[in-house]
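1. generate a structure from the sequence data that follows.
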Amino acid sequence: MKVDLFDFHLPEELIAQTPLADRTSSRLMVLDKKTGDIQHSVFKDIKNYLKAGDCLVLNDTKVLPARVFGEKTGTGANIEVLLLKQLEGDSWETLVKPAKRVKEGTEITFGNGSLTAVCTGTSDHGGRVLEFRYDGIFYEVLEQLGEMPLPPYIKEQLDDRDRYQTVFARERGSAAAPTAGLHFTEQLLKEIKEMGVHIAFITLHVGLGTFRPVSVEDLNEHDMHAEFYQVTEGTARLLNEVRDQGGRIVSVGTTSTRTLETIASMHNGRFEEASGWTDIFIYPGYEFKAIDGMITNFHLPKSTLIMLVSALAGRENVLNAYNKAVEERYRFFSFGDAMLIM
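-> Numbering: from 1, shown residues only. Below is the predicted model:
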């Protein structure tokens, strides 16, 4: 299957640069995965499409202020570092710019010298492995020096860094937000629970794969970058109960979807407590084992995310919906509008 099959025209002005003042006021496109029928709504009315006994599955990962700016020791050259994944101890997989200036043995100093790093090697796709040294607690130092790692298509500065966090974020470790979850408020989640809808949490720390374009022509040749996931025994038990009682499992975001499908694929469609690394790549032809529906944002052309959505709802249905979204001036990508596929 060719990557070009997932291309569409997107006017640049439809790429949302800032979040809306009210998280729940985003528009909501509802796509029937069987018929391709489309409805237009607003996100606060997501309740109208859920029913008692269903289960919403949310990714509770927390985004690190993972972009830090430093200087190369000896030359003073400016170096930008994006932390992607903690490897062992204080060693991290990172992206650095400009990469050509950072070779093994290079030392980088950040801020007032409270944080330094030494390059100890390279990683896949041009990354660098950095060993950090610091005084105090690493995450506290990072909170002082770091910026939120907004995607490169967002040119505006973010006034409130919490707007690039979900209201339920609690497990630190992501290099990017699970953006479908940004539409929820605590009040909306409370109202959904009062309807008799179950709320479950999983964790998947979003890593390098979010920043990697598909660089091959044939999908069979694309390698997904592995990301860490965790599902507790309580969540697994709840999901099995929902499934056994005829409820629908609705994942919030592609990250929740990939986590649930990873586990269900290993256990014949059932859920079990698990943690590990997943590089599952979902595209048309995949048979879903875990979810009945999904809430997601509008994704980049030719990305692995639109391929996952197309696997669930059909490529033709999805591209038709995206063309309609462009026609109706929906807002795209991380701070954009939402789609419900049921």
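2. nearest residue to the residue lying farthest from the centre of the chain in space, please, no chain neighbours.
-> In the chain, Gly74 marks the outermost C-alpha relative to the chain mean, sitting 37.3 Å out by CA atoms, centre = their mean. Nearest residue to Gly74, sequence neighbours excluded (CB to CB, 6 or more residues apart in numbering): Glu107, at 7.7 Å. The way it works is simple: take the backbone N, C-alpha and C, and place the C-beta from them, glycine included.
3. could you do Gly246 as well?
-> Spatial nearest neighbour of Gly246, chain neighbours left out: Gly53 (6.8 Å); criterion: CB to CB, 6+ apart.
4. that neighbour against Gly196, yeah?
-> Yes. Using CB atoms under 8 Å, Gly53 makes contact with Gly196 at a distance of 6.5 Å.
5. give me the more crowded residue out of the two.
-> The residue with more neighbours, out of Gly53 and Gly196, is Gly53; 15 against 12, by other CB atoms under 10 Å.
6. return the residues in contact with that one.
-> Contact analysis of Gly53 by CB atoms under 8 Å, 6 or more residues apart in numbering lists 196-198, 242, 245-248.
7. what's the helix or strand for Gly70?
-> strand 67-72 (DSSP states H and E).
8. I'd like the C-alpha coordinates of that strand written as PDB, please.
-> The C-alpha coordinates for strand 67-72 follow below in PDB (Å, rounded to 0.1, in the frame of the first residue of the first chain):
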ATOM      1  CA  ARG A  67      12.900  21.300  24.800                       C
ATOM      2  CA  VAL A  68      16.100  23.000  26.300                       C
ATOM      3  CA  PHE A  69      18.600  25.400  24.800                       C
ATOM      4  CA  GLY A  70      22.300  25.200  25.600                       C
ATOM      5  CA  GLU A  71      25.700  26.100  24.400                       C
ATOM      6  CA  LYS A  72      28.500  23.700  23.200                       C
END
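9. now that strand: buried residues?
-> For strand 67-72, the neighbour count (16 or more other CB atoms under 10 Å) marks 67-68, 70 as buried.
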